[in-house]
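Colleague: Here is my input, please return the structure:
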Amino acid sequence: YASQRGEFFKIYRTTFNREEVSDPVRISQGLGNDIMPSLSWDGQTLVFISDRDKETNNIFKMDLSQNSLKQVTNVFTGVLHPEISPDGNQIFFTTYYDLTYHIHAVPMDRQVKQSPCSLSDLKKNDAKEKAPEPVEVNSEGMEAYIPPTFKSYPLFQAPPLGKEPPYELIPDGFPTARVAYRSDGVFWGDMYASFTDILGNHRVTLQAGIFDGAENFEVGYLYLPHRWDVGASIQRQVNLLYVGGIKTQEKAQGGSVEFLYPIHTFYRVELYATGSDYTISPHWWRDYTNVAVGINFVGDSVSSRYFGPYDGSKFLVGVERSLAQLGDVDYVAYTVDYRGYLGVTERSLLALRIAGIYSYGADQRIFSIGGAGTIRGYDFGQFTDKKVAFTNLEFRFPLLDRLNLFGILPLGQLRAHLFADAGTAWSHNDDLKLYGRPSENEPSRFIDLHASVGAGISWDAGPFDLMFEFSKRTNGRTILPETIYEFWIGKMF
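Modeller: Got it, this is the predicted structure:
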């Protein structure tokens, strides 16, 4: 069956028996929508409709045993509803032309030409080339023409029987990018891309970026053919911390391994082990090595529309424990990250995020919040401590469904959002005071809570959104006069 669980519709498989129903397994990969699947009776061949080639629906055939994919049709106006005959020798499908629907059949091993076929030129093409005899499928004597210029070219050539199929990688969705620039000159950005083989058994991820003048990167691999997903990665990451009012860079270089297990359609468990060397600059603390293991419980029931998440929720609850015997630090850290979405109208919604990290132990970890993604209107990583928490509330709504430049160049939809952010960082629970009177002579206001309000506009540029936001800080009594402007590229939470 076809299901949209990201940018595109893809083909999934679920196994039923008397005792249980298996979790969905994604079969088709790559860019474009894949719909209307039909499986051969022997379970070895899958045909489906896809617009991956030229944004026109045509038939693709996947050999599940040989890890190969071929395009079967190249009809200019598209085709619909492919079905494999019981003997596995033909593919039936539907076309629409001359103000009515027609049914055609082509051999399963059909080899066709490169140029697309216009259904309005079928008779003209028949005069030029000898086409196979059409298969009549109705009782009213209506002609069912077979376009003679169908083509089939191997996107991934199947190997001879008995040989290991090749593992050629194709993009798994569009690459995404995030770039942010603030009115005070702070700049950061990163890019993420994912690649997979035809059957989705292997996935390679690449992430690279720059933050505060330092380069970040991460290369990951996931092995996905079984219920347990296994992965590994190497990375170099830079975190920006403010310690005692001094801006500090924490650089980490290392790697990790992870194991993911789906326990339900909407829930999974993640186990991981990580090891990294940390360098602090300037040195407010020693350089150190950290080796840790952790477990996360993840849920995701979000439904999306063309503009992004619309309804449902997703969350992560995790705990990480350092292994002091193998590293230089001893700590335990708990993480919670919840994101909820509630549709208000067909195209507007409320979005809420609540997240926090709580660390304790002899060498408690240091975390930071502030800036785009946590508390807008403040410096990146401005609030640093052993425990952090923040929340974002947004109302998202449409402005323009489509913007055309000079009346001909489509520039995508334009949307807007209103937001309120708040967060805090602290060391000891007894010292935390979110709201109150700083002294007897001062009115009540936020003390350890930092908040902002603002608005923004987002423009859909395909794989990413262009964001322009302005925000003002608030102390709980008044909104402060300074306005912070931020421009960034990415996707909203």
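Colleague: Return the helix or strand in this structure with minimum mean pLDDT.
Modeller: strand 154-156 (a mean of 34; mean pLDDT, DSSP states H and E).
Colleague: Give me the residues contacting the next helix or strand after it.
Modeller: Sequence-wise, the next helix or strand downstream of strand 154-156 (DSSP states H and E) is strand 170-171. With C-beta atoms under 8 Å, 6 or more residues apart in numbering as the contact definition, strand 170-171 has outside contacts at 29-31, 193-198. In this view, the C-beta of every residue, glycine as well, is placed from N, C-alpha and C.
Colleague: Please apply the same query to stretch 453-467.
Modeller: For stretch 453-467, the external contacting residues (C-beta under 8 Å, 6+ apart) are 174-178, 307, 376-377, 399, 403, 411-421, 468-472, 474, 479, 486-492.
Colleague: Flag every buried residue along it.
Modeller: For stretch 453-467, the neighbour count (16 or more other C-beta atoms under 10 Å) marks 453-454, 456, 458-460, 464-467 as buried.
Colleague: same check, this time on stretch 337-346
Modeller: By neighbour count on 16+ other C-beta under 10 Å, the buried set for stretch 337-346 is 337-341.
Colleague: and which of the residues you listed is nearest R353?
Modeller: If you rank the buried residues of stretch 337-346 by distance to R353 using C-beta to C-beta, R339 comes first, at 4.9 Å.
Colleague: Excluding sequence neighbours, find me the nearest residue to the closest one.
Modeller: Of all residues not flanking R339 in the chain, R353 sits nearest, at 4.9 Å (C-beta to C-beta, 6 or more residues apart in numbering).
Colleague: gap between that neighbour and K472?
Modeller: As for R353, its distance to K472 is 20 Å (criterion: C-beta to C-beta, to the nearest Å).
Colleague: mind checking the backbone torsions on D431?
Modeller: When quoted as degrees, to the nearest 10, the phi and psi of D431 stand at phi -90, psi -10.
Colleague: what's the burial count for V47?
Modeller: By other C-beta atoms under 10 Å, the residues close to V47 number 23.
Colleague: thinking again about what came up before, and the contacts of the helix or strand harbouring the residue nearest to R339?
Modeller: Taking DSSP H and E as the criterion, the element that holds R353 is strand 349-360. For strand 349-360, the surrounding residues in contact (C-beta under 8 Å, 6+ apart) are 309-311, 331-344, 365-367, 386-396, 492-493.
Colleague: Show me where the stretch 1-150 of the chain has its helices.
Modeller: Counting by DSSP state H, counting those that start in this stretch, the segments of the stretch 1-150 of the chain that form helices are 122-128.
Colleague: now the strands for it?
Modeller: 2-4, 9-13, 25-26, 34-39, 45-50, 58-63, 68-71, 80-84, 90-97, 100-107 (DSSP state E, counting those that start in this stretch).
Colleague: Which neighbours in the sheet does the shortest one have, and how are they oriented?
Modeller: Strands flanking strand 25-26 in the sheet, each with its direction: strand 9-13 (antiparallel) (DSSP bridges).
Colleague: Output the contacting helices and strands for the strand ranked longest in the chain.
Modeller: Using DSSP state E to define each element, the chain has its longest strand at strand 246-262. Applying 3 or more C-beta pairs under 8 Å, 6 or more residues apart in numbering; DSSP states H and E, one finds that strand 246-262 makes contact with strand 229-243, strand 267-281.
Colleague: Now render these as CSV, adding distance to I49.
Modeller: Formatted as CSV, the helices and strands packed on strand 246-262 follow (distance: least, C-beta to C-beta, whole Å):
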stretch, distance to I49
strand 229-243, 28
strand 267-281, 30
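Colleague: which of those strands has the lowest average pLDDT?
Modeller: Mean pLDDT is lowest for strand 229-243 out of the helices and strands packed on strand 246-262, coming in at a mean of 85.
Colleague: doesn't A420 make contact with I375?
Modeller: No: with contact defined as C-beta atoms under 8 Å, I375 does not count as touching A420 (10.3 Å).
Colleague: and these two? which has more neighbours close in?
Modeller: Counting neighbours by other C-beta under 10 Å for I375 and for A420 shows that I375 has the greater number, 25 against 16.
Colleague: show me what contacts the more buried one?
Modeller: Going by C-beta under 8 Å, 6+ apart, the list of residues near I375 reads 369, 383, 390, 421-423, 450-452.
Colleague: same deal with M36?
Modeller: M36 makes contact with 2, 48-49, 80-82, according to C-beta under 8 Å, 6+ apart.
Colleague: Same question for S28.
Modeller: Contacts of S28 by C-beta under 8 Å, 6+ apart are 10-11, 34, 48, 50, 62, 200.
Colleague: With F195 instead?
Modeller: Applying C-beta under 8 Å, 6+ apart, one finds that F195 lies in contact with 169-172, 203-206.
Colleague: Just grab the bridge partners of the nearest residue to F60 once chain neighbours are set aside for me.
Modeller: Nearest residue to F60, sequence neighbours excluded (C-beta to C-beta, 6+ apart): S50, at 4.9 Å. With DSSP bridges as the criterion, S50 is bridged to D34, N58.
Colleague: now G436
Modeller: So, taking DSSP bridges as the rule, G436 has R445 as bridge partners.
Colleague: surely it meets D448?
Modeller: No: checked against C-beta under 8 Å, the pair G436 and D448 is beyond contact range at 9.4 Å.
Colleague: which of these two has more neighbours?
Modeller: Ranked by neighbour count (other C-beta under 10 Å), G436 and D448 place D448 first, with 15 against 12.
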